[in-house]
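**Student:** the following comprises the amino acid sequence and a computationally predicted model.
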Amino acid sequence: MRQQIAAANWKMNLTYQQGEQLLDAILKENIALADHQAAVFAVPFPYLMMASQKLSGRTNYYVSAQNCSDVKAGAYTGEVSAEMLKSINIGYCVLGHSERREYFSERNQSLAQKVQLCLDNGITPIFCCGESLSIREVGAQEGFVETQLMESLFHFSEADIRKIVIAYEPIWAIGTGKTATAAQAQEMHAHIRHLFAKKYNKATADHIPILYGGSVKAANAMELFHSPDVDGGLVGGASLVATEFISIIRALK
Ligand SMILES: O=C[C@H](O)COP(=O)(O)O
């Protein structure tokens, strides 16, 4: 079975102490994950080591960064490189989140560099894609997501592309409480998988986890995750509440 992932994206929320308390409350449940399941915590940079220490010794629990630089190293004040993340054993990095695309002007070409640098350093990119409401309203979402994937990912080799996780996050569903229906999520996930099959092959497309993000919560996770092409979720708001995220982990296939 394809890997199934419950990924928490804390974004710029919680103090260090609140983050510790949240992780402690979730880990206290001792949820055993199957071989094909993973729980990933994308925490702010200053909390990466703390989260790593808390998760150490747990099977299939991982820490993720929320971003990294698109350059290797050098005089770039305030940036954090993929190599730095590797040096503290961070396994995942969220890339191209719509908030970074919108507020920090991230573009598909620069994201291609970030993906490359993560792969060079053995870090799994969680590559985000997804359309705005205005694009969906005119029915152009499939072409829009195809361009995002084409410009950032489709030049990678089959071996490299198999190391990537996709997160489909329709912008109109992020933090709005307006979740895509399971049918809408499934439709886009199937389209994304079809694009990978067309560019690479079916076996590769079937191997790549595609997470759904956008107002996932305990109450809808099970239905969303049980769609055939939805392989878990990238969760914002509900990942900040222990009981919510515990249920979301438990909803994985
Ligand atoms: O990365 C997570 C997504 O932006 C979803 O956020 P949300 O669950 O608060 O809608």
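**Tutor:** Now that the structure is in, tell me what you want to look at. Numbering: from 1, shown residues only.

**Student:** is it correct that Ile5 falls within a helix?
**Tutor:** No - under DSSP: H, G, I helix; E, B strand; the rest coil, Ile5 sits outside any helix and is assigned strand.

**Student:** which residues does it contact?
**Tutor:** Neighbouring residues of Ile5 by C-beta atoms under 8 Å, 6 or more residues apart in numbering: Gln37, Ala38, Ala39, Val40, Val165, Pro209, Leu211, Asp231, Gly232, Gly233, Leu252. From N, CA and C alone the C-beta is placed, and that goes for glycine too.

**Student:** the second one - how many residues pack around it?
**Tutor:** Residues lying near Ala38 (other C-beta atoms under 10 Å) number 24.

**Student:** in the helix or strand containing Ala25, which residues are buried?
**Tutor:** Per DSSP states H and E: Ala25 is located in helix 16-27. Neighbour counts over helix 16-27 (16 or more other C-beta atoms under 10 Å) mark Gly19, Glu20, Leu22, Leu23, Ile26, Leu27 as buried.

**Student:** quick one, phi psi at the nearest residue to Tyr76 once chain neighbours are set aside?
**Tutor:** Excluding the flanking residues, the one nearest Tyr76 by C-beta to C-beta, 6 or more residues apart in numbering is Ser69, at 6.1 Å. When read as degrees, to the nearest 10, the backbone of Ser69 gives phi -70, psi 160.

**Student:** next one: Gly130
**Tutor:** phi 150, psi 150.

**Student:** give the full set of residues in contact with it.
**Tutor:** Ser98, Val145, Tyr168, Glu169, Pro170, Ile171, Gly213, Gly214.
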